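Enquirer: Provide a 3D model corresponding to the input given below.
(2 chains)
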Amino acid sequence: MFFDTRPKVSVHIAQTDETYVCATSESLLQGMLRLGRKGIPVGCVNGGCGVCKVHVLEGQCQSLGPISRAHVSAEEEAHGFTLACRVAPVTPVQLEVVGKFEKPFRKGFAAKAST
Amino acid sequence: MGIARIGHASLRVMDMAAAVKHYEKVLGMKKTMEDKHGNVYLKCWDEWDKYSLVLTPSDQAGLNHVAYKVEKDADLDDLQKKIEAYGISTNVLAEGAMPSTGRMLQFNLPSGHEMRLYAMKEYVGTEVGTTNPDPWPDNITGAGAHWLDHCLLMCELNPETGVNKVAENTKFIMEVLDFFLTEQILVGPNGDMQAATWLSRTTTPHDIAFVGGPRMGLHHIAYFLDSWNDILKSADVMAKTKTKIDVAPTRHGITRGETIYFFDPSGNRNETFAGLGYLAQRDRPVTTWTEDKLGTGIFYHTGEMVASFTDVYT
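Expert: Next comes the predicted model:
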């Protein structure tokens, strides 16, 4: 958006060494998507599918809604694991991407099938 | 006679208020009942039985079970014998185990998904009734979905270990539940591995579908709309309600369906689906999609796979 006066903080993705700015009122995933970035996998964006699972290494986030316990256990959550679509940054954040797409029709499917 | 049609889906949701709002405001369903466990039951305006969707409070998303309605109560006894003879154990839930619902035959498909069959559910009627009915009621909200149309279940498929639950499910529901195959995706070096199948009991291109993936789960439940224009309106409703659209309006090569996919507030994928596609018949030759044309089968216009569509499910 052209005029975005919302308070923002920086979010750093360890794997890609990318940094983007995210408003403190939007999810980590929305902030990334708004800038057209692709560091965190994007799935249902509603806390259910688990592909945007991240490990917050530094910084504080606040919850925007429930996350699926099929993908993040309570113990994991206590250790900084969460779903990027369901938390907003409160302070600058450093994170590591954990989730990844599972490929039902991945490339090389035929090759694998022959083994 | 056996299975007549899809009856209902039971979904896990993580925020009940948000879920009910979604299925009412976006799909246009109506809440018909809530039980003492906090489960909420809904139906579409054009459905006559009490519910076609059950939402259950949970800490995760996904499918509890899918249920199909059989024509006669005696079909349950007949199918129980056949399913047991096939080597799958069954359980009979007494009438009232689910409110407003008769006894249910409960079993798991080879993929692990729970399926239930029932003959009786409380009749409440459509919104337009049966005597000199209008073609649609005046109180339609959102997309105004007519009815629950089908579901697509993700089934474990691992060529390396030789596990193919798509093929196992397909064999079972054809041989025992008497579904017929309308379309399939065949992959692998010899083009003989069933990676996805579409099957019917009625005259629509699919009443159920199975697609291979790394683990079992729910890909989507789909609701019927009349026309392409209704799909456009459905997309407008999603924009208005800030519903996450997964795949913008397009057409499937497979089933010829006109479609839009989106997510409920717990990340369960929904589809609104329009068009006849074709009149499915038991003697209609099976349509086959090959591995090199997979993208075209799934999204006919672009011919390209979309990662979030094929790889994301609950």
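Enquirer: show me what contacts the nearest residue to B:Gly38 once chain neighbours are set aside?
Expert: Of all residues not flanking B:Gly38 in the chain, B:Pro57 sits nearest, at 5.0 Å (Cβ to Cβ, 6 or more residues apart in numbering or on different chains). Where C-beta positions appear, they are placed from N, C-alpha and C, glycine not excepted. By Cβ atoms under 8 Å, 6 or more residues apart in numbering or on different chains, the contact list for B:Pro57 reads B:12-14, B:16, B:38-39.
Enquirer: what is the nearest of these to chain A?
Expert: For the contacts of B:Pro57, the residue nearest chain A by Cβ to the nearest Cβ is B:Met14; the value is 3.9 Å.
Enquirer: which pLDDT value goes with that closest one?
Expert: Per-residue pLDDT puts B:Met14 at 98.
Enquirer: secondary structure class of the residue of the stretch 201-314 of chain B found nearest chain A, three-state.
Expert: Proximity of the stretch 201-314 of chain B to chain A (Cβ to the nearest Cβ) peaks at B:Gly267, 2.1 Å away. Following DSSP: H, G, I helix; E, B strand; the rest coil, the label given to B:Gly267 is coil.
Enquirer: contacting residues around the residue nearest to it when sequence neighbours are not counted?
Expert: Using Cβ to Cβ, 6+ apart and skipping the chain neighbours, the partner closest in space to B:Gly267 is A:Gly48 (2.1 Å). Applying Cβ under 8 Å, 6+ apart to A:Gly48 gives the contacts A:68, B:14, B:60-62, B:263, B:266-268, B:314.
Enquirer: part of a helix, is A:Gly48?
Expert: No. Looking at A:Gly48 with three-state DSSP, it is coil, so not inside a helix.
Enquirer: pLDDT wise, what is it at?
Expert: 96.
Enquirer: cool, and B:Pro99?
Expert: If you check B:Pro99, the pLDDT there is 97.
Enquirer: for it, give its distance to B:Leu117.
Expert: Distance, B:Pro99 to B:Leu117, using Cβ to Cβ, to the nearest Å: 17 Å.
Enquirer: and if you look at B:Leu11?
Expert: 19 Å.
Enquirer: returning to that earlier point: contacting residues around the residue of the stretch 201-314 of chain B closest to chain A?
Expert: Contacts of B:Gly267 (Cβ under 8 Å, 6+ apart): A:43-49, A:68, B:61, B:314.
Enquirer: related to what we said a few turns ago, for the contacts of A:Gly48, pick the one with the most neighbours.
Expert: Within the contacts of A:Gly48, most neighbours by other Cβ atoms under 10 Å in any protein chain shown means B:Ala61, with 33 neighbours.
Enquirer: that residue touches B:Met14, doesn't it?
Expert: Yes. Between B:Ala61 and B:Met14 there is a contact under Cβ atoms under 8 Å: 6.4 Å.
Enquirer: which neighbours do these two have in common?
Expert: Counting by Cβ under 8 Å, 6+ apart, the common neighbours of B:Ala61 and B:Met14 are A:47-48, A:68, B:266.
Enquirer: any idea which helix or strand comes after the helix or strand where B:Ala9 lies?
Expert: Secondary structure assignment for B:Ala9, by DSSP states H and E: strand B:3-13. Next helix or strand after strand B:3-13 toward the C-terminus (DSSP H and E): helix B:16-25.
Enquirer: which strands and helices sit next to that following helix?
Expert: Contact analysis of helix B:16-25 by 3 or more Cβ pairs under 8 Å, 6 or more residues apart in numbering or on different chains; DSSP states H and E lists strand B:30-34, strand B:40-43, strand B:53-57 as its packing neighbours.
Enquirer: and the residue nearest the centre of chain A?
Expert: Residue closest to the average C-alpha location in chain A (Cα atoms, centre = their mean): A:Ala84, at 3.1 Å.
Enquirer: got the contact list for it?
Expert: Going by Cβ under 8 Å, 6+ apart, the list of residues near A:Ala84 reads A:27-29, A:32, A:40, A:52-54, A:95.
Enquirer: got the residues of the stretch 201-314 of chain B near chain A?
Expert: Taking Cβ under 8 Å from any Cβ of the partner chain as the contact definition, the stretch 201-314 of chain B meets chain A at B:211-215, B:244, B:246, B:263-269, B:291, B:294, B:305, B:307-308, B:310-314.
Enquirer: from those, which would you call buried?
Expert: Among those, those buried by neighbour count (16 or more other Cβ atoms under 10 Å in any protein chain shown) are B:211-213, B:244, B:246, B:263-269, B:291, B:294, B:305, B:308, B:310-314.
Enquirer: and the helices in chain A, which stretches?
Expert: For chain A, applying DSSP state H gives helices covering A:28-34, A:74-78, A:109-114.
Enquirer: the bottom helix or strand of chain B by mean pLDDT?
Expert: Lowest on mean pLDDT, DSSP states H and E among the helices and strands of chain B sits helix B:307-311, with a mean of 81.
Enquirer: from the contact counts, what lies against that one?
Expert: Contacts defined by 3+ Cβ pairs under 8 Å, 6+ apart place helix B:307-311 against strand B:245-251.
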